[in-house]
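J.: turn this into a model:
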Amino acid sequence: MKMHALIIFIALYAQLNFPLFSQDDLRGGVCVELEPVYAQFLGAPYPLDSTSAKLWAMEDAVFAFSGMIYGWSFIYEPGERARGLQEDLELTALGKVMPEDTKLEITDVNIKDGLFYLYADYPLDEAQKNRVVRWKSASAFTAQAIGYGPLHGDEGIVSREQIKESALRDAMKKALRKKLRVTERSRPRAATGFIALSKFPVYRMQDGLWAASAEFRIEITDIIPFAAY
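T.: All right, here's what the predicted structure looks like:
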């Protein structure tokens, strides 16, 4: 990523993420481009009106809160070029915040420089609070990464959700690689565990790709060495 674009990414990440005002609540912000160049490939309206932009932003907020509270279980294979093995990441969502959840509160919306911004709070119930506390435990490793994915069409990607998931999944792979470099002396065949968002991810178009900047909490539960195969 070019330095200028990286600076914009960092500034946007800071703008959309800020300290929690309470240990019982999560909060964050998302932004949606009002003139997304990929919309024409998805049959989406172009340019977006504020109603459509708000719906997209709400989808992103619900996804982020789900990822922060519940996260995913994973099976990660780092791959090995010498053995002809491809990198692979299998994810299973562990829960979901529903769009109609009455606890979800929009605190602010505004439009600036062609972007629709939405900020939201989500109060946690006791079970959700316990999940977030576990994600913040000493056993969870924190890693930040930027991932990339195609803007449209490629590899069977035909929806906005798939586009963003592709970039976020790439960021997850990079974060998991960081974790394994810290803890493992040699490359394993596979690793299993749990991964969650620690903040709202930020998405931007960059050099013809969709880029996702995200910070994760990672807990490894099992390491499978090549000798086990």
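
J.: so residue 186 belongs to a strand, correct?
T.: No. Assigned with DSSP: H, G, I helix; E, B strand; the rest coil, residue 186 falls outside any strand and is coil.

J.: state the distance from the nearest residue to it once chain neighbours are set aside to residue 191.
T.: Distances taken as C-beta to C-beta, 6 or more residues apart in numbering place residue 225 nearest to residue 186, at 7.6 Å, with adjacent residues excluded. In short, each C-beta sits where N, CA and C put it, glycine included. Remark: distance between residue 225 and residue 191 (C-beta to C-beta, to the nearest Å) = 10 Å.

J.: so for the two, which residue has more residues nearby?
T.: Taking neighbours as other C-beta atoms under 10 Å, residue 225 and residue 191 compare with residue 191 leading, 21 against 12.

J.: what pLDDT does residue 2 get?
T.: pLDDT, residue 2: 49.

J.: which parts of the chain are strands?
T.: 25-33, 72-77, 88-93, 105-112, 115-123, 141-150, 190-197, 202-206, 209-224 (DSSP state E).

J.: partners of the last one in the sheet?
T.: As defined by DSSP bridges, the strand partners of strand 209-224 come to strand 141-150 (antiparallel), strand 190-197 (antiparallel), strand 202-206 (antiparallel).

J.: tilt between that strand and strand 72-77?
T.: Strand 209-224 runs at 80 degrees relative to strand 72-77, counting by axes from the mean of the first three to the mean of the last three C-alpha atoms, to 10 degrees.

J.: ok, and the helix or strand in the protein with the lowest average confidence?
T.: When the helices and strands of the chain are scored by mean pLDDT, DSSP states H and E, helix 3-16 comes last with a mean of 51.

J.: still on that earlier bit, and the strands of the chain: which comes nearest residue 60?
T.: strand 25-33 (4.1 Å; C-beta to C-beta).

J.: so where's the protein uncertain?
T.: The model of the chain has pLDDT under 70 over residues 1-23, 39-43, 138, 152-158, 228-229.

J.: show me which helix runs longest in the chain.
T.: When the chain is parsed with DSSP state H, its longest helix is helix 160-183.

J.: quick one: buried residues of it?
T.: 160, 163-168, 170-180 (16 or more other C-beta atoms under 10 Å).

J.: just the residues contacting stretch 86-94, thanks.
T.: When contacts are defined by C-beta atoms under 8 Å, 6 or more residues apart in numbering, stretch 86-94 is touched by residues 66, 70-79, 169, 172-173, 176, 194-195.

J.: related to what we said a few turns ago, angle of the longest helix of the chain against strand 209-224?
T.: 50 degrees.

J.: and helix 160-183, what does it pack against?
T.: helix 50-69, strand 72-77, strand 88-93, strand 141-150, strand 190-197, strand 209-224 (3 or more C-beta pairs under 8 Å, 6 or more residues apart in numbering; DSSP states H and E).

J.: related to what we said a few turns ago, quick one: buried ones out of the contacts of stretch 86-94?
T.: Using 16+ other C-beta under 10 Å, the buried ones in the contacts of stretch 86-94 are 66, 70-72, 74, 76-79, 172-173, 176, 194-195.
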